[in-house]
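*Asks:* Provided below are the primary sequence and the corresponding predicted coordinates.
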Amino acid sequence: MRQGGYDLGWGRDVYRASGPRTNPQDVTVNGHTWTITGDRQLLATLKDSPISLNVVPYLATSRTALVEMLRALRFAPDLADPTTWFRAADVLQ
């Protein structure tokens with residue numbers, strides 16, 4: 001899904017096949033820890049989660065701007081329960 005300057009996806013991550021992850025940095029935002037990798041093309045991957053969630057911002061987005069995008073995300077209380085997963089329309093504004 002594309003909105004607000006980034007792509008949001010869960011499940012298999014196509015970005016992983018495009019090259020090695022560089023410059024890893026863990027950041028905690030709203031109680032969730034993300035690993036941000038990359039230089040010109042960044043990728044944020046949610047750590048320690050029962051689902052694979054990735055945020056890929058537009059090219060040349062700064063890490064600071066990506067962290068602000070992550071702050072805007074809101075999650076269902078139990079990510080392990082698919083019946084409580086958020087609808088993208090509810091969280092991307």
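*Replies:* Happy to help now that I have it. Nothing here was measured: the structure is a model prediction, and the numbers come from that model.
*Asks:* quick one: least confident helix or strand in this structure?
*Replies:* Ranked by mean pLDDT, DSSP states H and E, the helix or strand of the chain with the weakest confidence is strand 2-3, at a mean of 42.
*Asks:* In this protein, where is pLDDT below threshold?
*Replies:* Low-confidence segments of the chain, defined by pLDDT under 70: 1-20, 79, 82-93.
*Asks:* which residues in it form strands?
*Replies:* 2-3, 6-10, 25-29, 32-37, 43-46, 53-57 (DSSP state E).
*Asks:* could you give the angle of the longest one to strand 53-57?
*Replies:* Comparing the axes of strand 32-37 and strand 53-57 via axes from the mean of the first three to the mean of the last three Cα atoms, to 10 degrees yields an angle of 50 degrees.
*Asks:* Test my guess that Ile36 contacts Gln25.
*Replies:* Yes. Counting by Cβ atoms under 8 Å, Ile36 does reach Gln25; the two are 4.9 Å apart. To be clear about C-beta, it is placed using only N, CA and C from the backbone, and glycine gets the same treatment.
*Asks:* In terms of neighbours, single out the busier of the two.
*Replies:* Using other Cβ atoms under 10 Å as the criterion, Ile36 and Gln25 rank with Ile36 on top: 20 against 13.
*Asks:* give the contact list for that one.
*Replies:* Pro24, Gln25, Asp26, Val27, Leu42, Leu43, Ala44, Arg63, Leu66, Val67 (Cβ atoms under 8 Å, 6 or more residues apart in numbering).
*Asks:* before we move on, what about Gln25?
*Replies:* By Cβ under 8 Å, 6+ apart, the contact list for Gln25 reads Thr35, Ile36, Thr37, Arg63.
*Asks:* Taking strand 32-37 as reference, get the angle to the longest helix anywhere in the chain.
*Replies:* Assignment by DSSP state H gives helix 63-71 as the longest helix of the chain. If you take the same axes, to 10 degrees, helix 63-71 sits at 150 degrees to strand 32-37.
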